[in-house]
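Colleague: I'll drop the sequence and a predicted model, then ask my questions.
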Amino acid sequence: MRRMPSFSTQVIIGALLVIAIVGTTTIWLTSGARSAANDAANKVTEFYLKEFAGRRSQMVSAAIDEEFDRMHRALQIVEPRDLTSQEALRNFLAKVETAYGTSKFAIVDEDDVVYTRYTTYSGRSRYDFLSGGMLQRGEVVSTTELYGANKQVCLAIPVSGLSFMGKNLKACFVQVDIESIVYGLALDSDQNTTFFGLYYGNGENLSELDFGPFAADENLLEAMRGSLDSSAWEALCKDFYDGGQGGIEFSYNGVRQTLYYSSIPDTNWVLTVLVADDLIQGQVRSIGDEMIVRSAIQILVTAAALLLYFGAIIVRTRKTSAAMLAVERQNTKNAGERAQKSERELGEVKQIAYKDALTGAKSKYAYTEEEAVIDEAIVRGGTLNLAVVVCDVNGLKYVNDTRGHAEGDEYIRAAYKLICEVYANSPVFRVGGDEFAVLVRDDDFEHREELLDNLNQRVEKNVELGEVVVAAGMSELEPEDKQLYVAFHRADQRMYSRKAKLKEMGAQARD
Amino acid sequence: MYGGEKDKNMLRGDVVARVLVALAVVVALLAVIQRNGVSPAVAGTEGTPQDTSAKQTASSAVDLEHEIDDYTPKKNHYNFYLTYKIVHPWWDAVALGMEDAQRQYLEKGVTITYEYLAPEEPSAEDQKQRLLQAAKGPYDAIGVDVADEAAITPVIDELVDGGERVMTFSSSDAAKGCKRIAYVGNTHNYEDGALIAEALCKKLGYKGKVAILVGTEGAPCHEDRARGVQDTIAKYENMEVVDVAYDHDSVNRARELTDGFLSKHKDLAGIVCCNMSNPVGAAHAVVSAHRKVAIVGMDHDREALRYLRDGVIYCLGVQDCYSIGFDTIQTAVKIADGEKPGKLYPEAADEKTTIVYQDDASDMLGMLYGELR
C-alpha cells in the first residue's frame, strides 16, 4: 500500500505550488506588459521621428528659401553708387550682411572674380557652381569641399543687368553656416539622445558635426552597411538617392538605433534624425526590469511569508500534537491510577462486603456472589462435586437475653470458630444473624460425612458442657438441582431436623 | 521598415557586444604596437627618415590650426593686394589660410580687406601689369607670388623704390638682391626637387630613363625644383634624363606631354613632376597607357593623393599651403605697419614640405578632403 506523505511534506509541496503559480503568472504578466510597452514605444518613436523629420525638413527648406529671398531683396536694393568702387561695393555687401543677417554675401563678375565684404578673389577654381552652366538653371544649392576637409554650402542665384568696374555681374551667393542649421534642428543634442544631421544623397555628411555614433567624416550609408541586410541597405541607399523618406531600425556598435530620413526639397540633401532606442526602449526596459524586480521581490516575499506561515503551521501542529499526546498519556496514566485505586477501593469494599465484621467469616454478600457463580456453572451443565452445610447457632437469644449482647456476639464467634475448625478447608459464610453456610468442595466434599459427624459430635459434647451448640444439616448438589438454593433448602430442612434432635438432647432452643 | 526583431536578446547582445569591443581594443592595441614597430620611413622637410605613423605624417604635413601672434597692429584697418601665378586650387588652399587670419584679426577688432587675384594662364606680363596697377591703389602692402623672377624682380624693386611695401609669398620668391621686404613660402624648392628625385632613383634601383615635367617656365619654384631633380639624377651614372617639358600648370597639358614621353620612350622608368598639375596629368596618362612608370611629384591635389593611395604615384612633396596663407597675412600686417624683418617676422619664412608615401595617402585625403579611409 502506498504510503501517504507526511503532513509537513504536504504543506511544503502546497506552499511551493502556490509560489510557482504566483511567480509564473507574475512573470508572464510582466513580460507581456513589457512587450506591449516596447511595441507602444516603437510606435511612438516612429510617430515622433516622422514628425521631427518632416517638420525639420520643412525648416531647412524654409531656411534655404529665406536665404534666396534675401539675395533677391539685396539685388533689388543695390544702387549704381554701390557699384562705383571696390570700397563702395564692400560697404554695400556689409550693409546687406548686416540687414539680412546673411553669413557671407558675395557677388561674382563675369570673370568669376568673387567680391565679398572683406576680400576679392578668383572663385573659378573654388566654386563648382560658377562653371558648367549651373546658374542657367536659376537658384543653385551647391557644396564646396575645401582644402582641410571643410565644406562650404553656397546658395547662388544668377544676376543680370548689373556691372562693376566694367565687367558684368554674373551671380551672387551666400555661404550657409550648415552647422548652425544642424544645431538649430537639434532640440537636445547636448543630451546625446536625439540627433539631427544633414547628408547628401550619397551619404556624405553635409556638416562637420558628428551624427550620433557616426563621425562627421563618415559616409552614413557606408557606415550603416554592416548594420543592415543587403536589401534593407539598398532600399535605404535608393531612398537617399531618390529623395525619399522613411525609417529604419538597426543596431550600431551594439546599440539599437532608429533612423528616420526625409529629403529636403530642391536640394540633394537628406535630413536625418537618429534616436538611440535606449532612450525610449531603455526607459521601457528599465520600467520592465523594475517591474520584474518588484515582481521577484513580491514572489520572494510571498514565498517567504508562505513558508513562514506553513512552517508556523507545521511547528504549531507538531507542538499541539505533542501536547495532546502528553495530555493523552497523562490522562491514560491518571485513568490507570484511578482504575487501580478504584479497583483497590473496590477490593477493599468487596473485602468489607465479603467479610462479616463480627466473626471474620465470609458475608452473606460473598455467599450470594458465589451462589451466582455456581448457578451459572449449573446452567452451563457442569457437574459439580459440591455440598452445602447449613448451621444454626442454638440458644443465641437466650444468651443475649441472659448474658447480654456482647456475650451473644462472643457466642456467635465461638460457633464460627467451631465450624471453621471442622471445615478448615472450606469457605464459611455468615448468611444470617445466627446462621452459617459452608460450601464443601474437593477433599472436604470427599470427607463430608465424616466432617459432619465430627461437627455433630463436638456439638453434642458442648451440649453436655453447656458450651456453644450448632445445629447442622448437609445436602449435596444433585444433578437435577437447577440452582444452589435447592440444595441449600434441603440442607436447611436437615438442619432443622438436627436442631430438633439437639433440643431433645438438652440443648437450649430459641424459644 | 519598422517592426523588426524584438530586443529580447538585448541583454545577451550587450554582453556579446562588450566582449567584442574589448577584443577589438586588444586587437587595435596589438595592431598599433606592430605598426609602430615597422612604420615605413617617411621623409620630412630635410628628407630624413622619421619613425612616425602615417597619421602623424599627414597631420604634420599641413597645420590647419593657427592663431595669430601677440603682435598688436598699429591700425584697425588694412587693405592688401595679393597676386599669384595662376588661378589654381593650390592657391585656393593658400587663400583659406589667409581667410582664417583675416577672421582672427577681425575678432580682435582689426579689419583686413584684400584682393587675391591671378590670371587664368601664367603670365609674367599679366603679373607685372597687376603689380603696377596695385601700386596706384589704396593698399597698405602688396604681395606677389613671383611668376618669373627675371621679369618680376625689377618691377618689385621699382615699386619699393616708389614707396610701396612689397612682399613675396607662396611658392616663389624674387631673385636674390630683390628689394622686396620679406618672403613667406617655400624656401627650399631646389631641395624639394632633389628629395623627390632621390626617392625615385632609389625606387628604380638607381638606374633607368626618367622624364621631367615642370610647370611654368621662369617660375622660380618650378625651375628650382627642376634643377634639384636634374642635379640629383645626374649623380647616378645609370640614370638618364631623357625629356623635360613644361605644362604651364595645366593638367591636360601634363597628360599630353606624358603621352608623348610614353610613346617616345618605350623603356621610360620614371617621371618627376615639379608642380601640382604635373603628377595628376602624368598619372592619368600612365594609367591609360597601362604602363608601369614610377611617378614622383609635388603638392596635395586630391586626384594626385588618390593616385598615391592607389600606388600609381610613388611619393608627393606636400607643401603647407594653409600656413603659407596664414603667415602671409600676419607678415603683411607688420610690413604695412612699417616693421622691418627681424624679431617680429623673418626676412624669409621657411614653410615646410613633407614627402608623403602610399601609406600616408588615405590620411591625407581624410584630413584635407574629408574622404573616407
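Modeller: That came through fine. Being a predicted model, the structure only gives us computed values, none of them experimental. Numbering: from 1, shown residues only, chains lettered A, B, ... in the order given.
Colleague: in what helix or strand does residue A:69 lie?
Modeller: Using DSSP states H and E, residue A:69 sits within helix A:7-77.
Colleague: ok, then the element right after that helix?
Modeller: Per DSSP H and E, the first helix or strand lying C-terminal to helix A:7-77 is helix A:86-100.
Colleague: For the following helix or strand past that following helix, buried residues please.
Modeller: Next helix or strand after helix A:86-100 toward the C-terminus (DSSP H and E): strand A:105-109. Across strand A:105-109, burial judged by 16 or more other C-beta atoms under 10 Å in any protein chain shown covers A:105, A:106, A:107, A:108, A:109. Bear in mind the C-beta positions are built from the backbone N, C-alpha and C, glycine included.
Colleague: For the stretch 101-250 of chain B, what lies in contact range of chain A?
Modeller: Near chain A, the residues belonging to the stretch 101-250 of chain B are B:102, B:106, B:111, B:112, B:113, B:114, B:115, B:116, B:117, B:118, B:120, B:138 when assessed by C-beta under 8 Å from any C-beta of the partner chain.
Colleague: Which secondary structure element of the chain has the lowest mean pLDDT?
Modeller: By default, I'm working from chain A. helix A:178-185 (a mean of 75; mean pLDDT, DSSP states H and E).
Colleague: You answered for a different chain; I wanted chain B.
Modeller: Counting by mean pLDDT, DSSP H and E, chain B has its least confident helix or strand at strand B:42-43, which shows a mean of 30.
Colleague: Low-confidence ranges, the chain, go.
Modeller: Defaulting to chain A. Within chain A, the stretches with pLDDT under 70 are A:1-4, A:41-42, A:45, A:149, A:186-193, A:277-285, A:287-288, A:383, A:509-511.
Colleague: Chain B is the one I meant
Modeller: Looking at chain B by pLDDT under 70, you get B:1-59, B:370, B:372-373.
Colleague: Pop the domain breakdown of it in here.
Modeller: Per automatic domain parsing, the structural domains of chain B span B:77-185+B:321-351, B:189-319+B:356-369.
Colleague: now do the same end-to-end measure for the shortest one.
Modeller: In domain B:77-185+B:321-351, first residue to last residue: 27 Å (C-alpha to C-alpha, to the nearest Å).
Colleague: Give the buried residues for the least confident helix or strand of chain A.
Modeller: Buried residues in helix A:178-185 (16+ other C-beta under 10 Å): A:178, A:179, A:181, A:182, A:185.
Colleague: for stretch B:266-285, same thing?
Modeller: Under the neighbour-count criterion of 16+ other C-beta under 10 Å, stretch B:266-285 has B:268-285 buried.
Colleague: Mind checking which of the residues you listed are in strands?
Modeller: Using DSSP state E, B:268, B:269, B:270, B:271, B:272, B:273 are the members of the buried residues of stretch B:266-285 that sit in strands.
Colleague: Can you tell me which of the residues you listed comes closest to chain A?
Modeller: Distance to chain A, by C-beta to the nearest C-beta, is smallest for residue B:273 among these, at 18.9 Å.
Colleague: how many neighbours does the nearest residue to that closest one once chain neighbours are set aside have?
Modeller: Distances taken as C-beta to C-beta, 6 or more residues apart in numbering or on different chains put residue B:297 closest to residue B:273, at 3.2 Å, once the chain neighbours are dropped. For residue B:297, the neighbour count with other C-beta atoms under 10 Å in any protein chain shown is 31.
Colleague: Which helix or strand contains residue B:297?
Modeller: For residue B:297, the element it lies in under DSSP H and E is strand B:294-298.
Colleague: Now distance to chain B too, for the buried residues of helix A:178-185, in TSV please.
Modeller: Formatted as TSV, the buried residues of helix A:178-185 follow (distance: C-beta to the nearest C-beta, whole Å):
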residue	distance to chain B
A:178	13
A:179	14
A:181	18
A:182	16
A:185	21
